[in-house]
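**Student:** Could you work out the structure for the sequence below:
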Amino acid sequence: MSTDDADLLITGARVRLGEGRWVSALAVRGGRIHALGDESELRGLAGPRTRVVHTPGGLVVPGFQDSHIHAPFAGRNRLRLWLNDLAGRAAYLDAISAYAAAHPEEPWIIGGGWAMEYFPGGAPRKEDLDAIVPDRPVFLFNRDVHGAWVNSRALEAAGIDRDTPDPPDGRIERDPATGEPTGTLHEGAAYRVDAEVVPAPGEEEWRAAILHAQAYLHSLGITGWQDAWVTPGTQAAYQSLAADGRLTARVVGALWWDRHRGLEQIDELRERREQGLAVRAPGAALGSGFHPTTVKIMTDGVLENHTGALLEPYCDGCGGHTDNRGLSYLPYELLRQAVTTLDRHGFQVHLHAIGDRAVREALDAVAAARAANGPGGDHRHHIAHVQLVQPEDVGRFAELGVVVNCQAYWAQSEPQMDELTIPYLGPERARMQYPFADLLASGARLAMGSDWAVTTADPLEQIEVAVTRTDPAHRGNEPFLPGQRLRLDDALDAFTSGSAYVNHDEQGGALEVGRRADLALLDTDLFAPGAPPVADARVRLTVAAGKVVHDEGL
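**Tutor:** Next up is the predicted model:
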């Protein structure tokens with residue numbers, strides 16, 4: 001084999017180098033992009049051991065990177081009780097009953113993925129679970145992981161009854177007549193039971209979950225991600241997989257900020273960062289491996305259960321107003337201090353902010369850090385979700401260098417939006433949701449993440465929603481705030497170079513000679529005249545650090 005022969009040569013497809021920039025062939029060698037050019041120019045790089053993939057009509061793009069995902073938790077649920085692909089109370093109960101019958105040895109029934117829209121007020125009841133699993137506790141997070149459906153056995157195990165007070169960061173759903181818990185735990189009430197009562201998985205279970213999730217994500221063209229909820233247990237599993245070479249994706253770990261503690265936890269976070277960075281993965285020279293360099297802070301909840309932090313109170317359906325403005329999980333001054341101190345110690349901060357008050361407080365915290373520490377440092381702080389943004393805050397993202405971490409799939413009309421969100425925001429605030437086009441026009445940098453398993457992990461489905469503001473499964477629906485649609489070029493860049501920027505991945509996010517060879521080969525040229533809708537395309541081949549990690553047998 002010649003020293004210049006390629007390991008992999010892709011021809012026939014158009015190779016997107018950037019907006020309006022194309023070549024017709026790409027060669028990979030030694031884990032990096034070896035050459036880009038016309039097919040006639042690169043054909044000579046094919047030696048006797050070169051794999052040649054010829055796909056006329058296809059499209060090569062950089063490997064997608066997901067800037068906000070929960071891969072271990074999604075993988076674990078897929079290996080246990082996965083409700084995400086089902087629709088409706090009856091389908092959920094059938095699946096739960098079948099799983100419990102098939103696994104009589106499991107002391108708890110654990111999983112999740114149910115949607116609030118299928119239950120009155122978004123709150124399922126314990127009686128449904130008691131009828132099918134009376135003998136064991138059941139704990140099932142909902143699809144957005146901000147609430148849990150539990151049976152009576154789980155409530156008993158957790159010591160929750162009518163006299164149990166709501167935690168300051170959550171709520172126990174109760175019968176209005178009796179005060180008895182009804183079977184739904186919101187926010188901190190669910191998290192406490194999960195952390196303190198539900199049996200914790202061991203490291204081997206977490207490794208299996210990550211590997212299962214990784215294989216699925218690679219099948220979607222994803223070559224890297226930022227894990228938005230890294231615990232000590234999932235960190236240990238990631239580090240083990242990185243050390244033995246089984247972590248083929250490049251992963252940035254956002255270490256979870258314990259909102260029940262204060263600044264004293266920062267020293268522990270620094271120790272965990274150093275521990276993770278000391279692990280040398282086989283692909284370290286290519287920038288691969290696990291990088292726990294970020295801290296994730298939840299500033300509020302979600303709008304559907306009225307825990308998202310608002311500047312003005314929630315509507316009451318919307319005939320009037322309540323006195324509820326949602327929850328801020330960190331006091332305003334502590335949030336400012338936390339971001340400032342983390343920034344000073346070189347951490348990137350990944351902030352969850354749904355409501356307009358949460359978005360403003362998160363921006364204020366980054367502004368405080370810049371005022372205290374100076375604008376230097378390349379931390380690339382980012383705010384995820386940004387569901388409700390006041391117009392006066394749109395321009396602050398670019399001014400402060402804060403990246404907008406978009407969950408594009410959420411920006412569509414669907415039952416949860418129509419029934420559990422808009423009536424409680426009112427029409428004026430409802431028009432301020434997911435202002436992606438305005439943020440981009442203001443000069444802000446966009447990244448994209450799925451929040452999987454909250455919604456689909458498929459980048460192509462998410463990109464289609466970003467471009468059309470409609471659900472790919474219901475393309476005839478009215479677009480949701482169509483003025484906030486993105487161009488295809490901008491949406492694709494956000495899922496590649498934008499997310500790579502957030503992940504401090506200077507080797508990923510673009511196809512250039514010498515960069516790490518992370519790429520996805522689609523069966524459809526999305527930019528060709530008359531191309532079908534984006535989500536109809538399929539990923540045929542995924543390459544991570546020069547290694548084929550997904551292959552449909554081309």
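**Student:** okay, the nearest residue to A281 once chain neighbours are set aside: pLDDT?
**Tutor:** Spatially, and ignoring its direct neighbours in sequence, A281 is nearest to G289 (3.3 Å; C-beta to C-beta, 6 or more residues apart in numbering). C-beta here means a position set from N, CA and C on the backbone, and glycine is covered the same way. The model reports G289 with a pLDDT of 94.
**Student:** Let me know whether G289 touches A249 as I believe.
**Tutor:** No. G289 lies out of contact with A249 (C-beta atoms under 8 Å); the separation is 9.5 Å.
**Student:** Kindly point out which residues are neighbours of both of those two.
**Tutor:** Shared contacts of G289 and A249 (C-beta atoms under 8 Å, 6 or more residues apart in numbering): none.
**Student:** Now do the contacts for the residue nearest to A281.
**Tutor:** Residues counted as contacts of G289 (C-beta under 8 Å, 6+ apart) are 242, 247, 250-251, 279-281, 283.
**Student:** so how many other residues sit close to T293?
**Tutor:** 19 (other C-beta atoms under 10 Å).
**Student:** hang on, it in a strand?
**Tutor:** Yes. Remark: T293 belongs to a strand, assigned using DSSP: H, G, I helix; E, B strand; the rest coil.
**Student:** low-confidence ranges in this protein?
**Tutor:** By pLDDT under 70, the weakly predicted segments of the chain are 1-3.
**Student:** switch to 80 and redo it
**Tutor:** Within the chain, the stretches with pLDDT under 80 are 1-3, 317-320, 554.
**Student:** For it, give the strand that spans the most residues.
**Tutor:** Ranked by residue count and defined by DSSP state E, the top strand of the chain is strand 8-18.
**Student:** Tell me which strands that one pairs with, and in which orientation.
**Tutor:** strand 21-29 (antiparallel), strand 51-54 (parallel), strand 59-62 (parallel) (DSSP bridges).
**Student:** Just the strands from the stretch 51-200 of the chain, written as ranges.
**Tutor:** According to DSSP state E, counting those that start in this stretch, the stretch 51-200 of the chain carries its strands in the segments 51-54, 59-62, 64-69, 81-82, 109-114, 138-142, 147-150, 170-174, 181-187.
**Student:** Could you say which of those strands is packed most deeply?
**Tutor:** strand 64-69 (a mean of 30; mean count of other C-beta atoms under 10 Å).
**Student:** Next up, phi/psi of the residue nearest to A281, please.
**Tutor:** Dihedral pair for G289: phi 100, psi -160, per degrees, to the nearest 10.
**Student:** How about the one 10 residues further on?
**Tutor:** As for T299, its main-chain torsions (degrees, to the nearest 10) stand at phi -90, psi -20.
**Student:** Report the contact partners of it.
**Tutor:** With C-beta under 8 Å, 6+ apart, T299 has these contacts: 309, 328-330, 335, 351-353, 358, 361-362.
**Student:** The same query, at a cut-off of 10 Å, please.
**Tutor:** Contacts for T299 (C-beta atoms under 10 Å, 6 or more residues apart in numbering) come out as 257, 259, 308-309, 327-330, 332, 335, 351-355, 357-362, 365, 383, 385.
**Student:** Report the buried members of the residues you listed.
**Tutor:** Those of the contacts of T299 that meet the buried threshold are 257, 259, 308-309, 327-330, 335, 351-355, 357-362, 365, 383, 385, by 16 or more other C-beta atoms under 10 Å.
**Student:** Which ones among the residues you listed map onto helices?
**Tutor:** 335, 357-362, 365 (DSSP state H).
**Student:** ok, so of those, who is nearest A408?
**Tutor:** The nearest member of those to A408, counting by C-beta to C-beta, is V359 at 16.9 Å.
**Student:** could I get the longest strand of the chain in CSV with only the CA atoms?
**Tutor:** The C-alpha coordinates for strand 8-18 follow below in CSV (Å, rounded to 0.1, in the frame of the first residue of the first chain):
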residue,chain,number,x,y,z
LEU,A,8,-11.4,5.4,2.7
LEU,A,9,-12.4,7.2,-0.5
ILE,A,10,-15.9,8.6,-1.0
THR,A,11,-16.9,9.5,-4.6
GLY,A,12,-20.2,10.3,-6.4
ALA,A,13,-21.7,12.3,-3.6
ARG,A,14,-21.4,16.1,-3.2
VAL,A,15,-19.2,17.0,-0.3
ARG,A,16,-20.3,20.2,1.5
LEU,A,17,-17.3,22.3,2.7
GLY,A,18,-19.5,25.3,3.7
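**Student:** chain center to that strand, what's the gap?
**Tutor:** 28 Å (C-alpha atoms, centre = their mean, to the nearest Å).
**Student:** cool, and stretch 502-509?
**Tutor:** That offset, for stretch 502-509, works out to 17 Å (C-alpha atoms, centre = their mean).
**Student:** That one: which residues count as buried?
**Tutor:** 502-505, 507-509.
**Student:** Switch those residues over to CSV; also include secondary structure and distance to G395.
**Tutor:** Formatted as CSV, these follow (DSSP: H, G, I helix; E, B strand; the rest coil; distance: C-beta to C-beta, whole Å):
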residue, secondary structure, distance to G395
V502, helix, 20
N503, coil, 25
H504, coil, 25
D505, coil, 27
Q507, coil, 31
G508, coil, 29
G509, coil, 25
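**Student:** Take those residues and lay them out in a markdown table including distance to L185.
**Tutor:** Below are these laid out as a markdown table (distance: C-beta to C-beta, whole Å):
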| residue | distance to L185 |
| --- | --- |
| V502 | 32 |
| N503 | 33 |
| H504 | 36 |
| D505 | 37 |
| Q507 | 42 |
| G508 | 39 |
| G509 | 39 |
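**Student:** Greatest separation within those: which pair is it?
**Tutor:** V502 and Q507 (14.2 Å).
**Student:** so which of the strands paired with strand 8-18 comes closest to M298?
**Tutor:** Here strand 59-62 is closest among the strands paired with strand 8-18 (C-beta to C-beta), at 30.0 Å.
**Student:** those strands in the stretch 401-550 of the chain, which residues are they?
**Tutor:** Assigned by DSSP E, counting those that start in this stretch, the strands in the stretch 401-550 of the chain fall at 403-406, 446-448, 519-522, 539-544, 547-551.
**Student:** packing partners for the first one?
**Tutor:** Under the contact definition 3 or more C-beta pairs under 10 Å, 6 or more residues apart in numbering; DSSP states H and E, strand 403-406 sits against strand 64-69, strand 348-353, strand 382-385, helix 396-400, helix 436-441, strand 446-448, helix 499-502.
**Student:** partner strands of that strand, parallel or antiparallel?
**Tutor:** Partners of strand 403-406 in its sheet, by DSSP bridges: strand 382-385 (parallel), strand 446-448 (parallel).
**Student:** Please name whichever of those strands is nearest to D418.
**Tutor:** Among the strands paired with strand 403-406, strand 382-385 comes nearest to D418, with 18.8 Å by C-beta to C-beta.
**Student:** Pull the distance from that closest one to the chain's centre.
**Tutor:** The answer for strand 382-385 is 10 Å, by C-alpha atoms, centre = their mean.
**Student:** Good, we can wrap up now.
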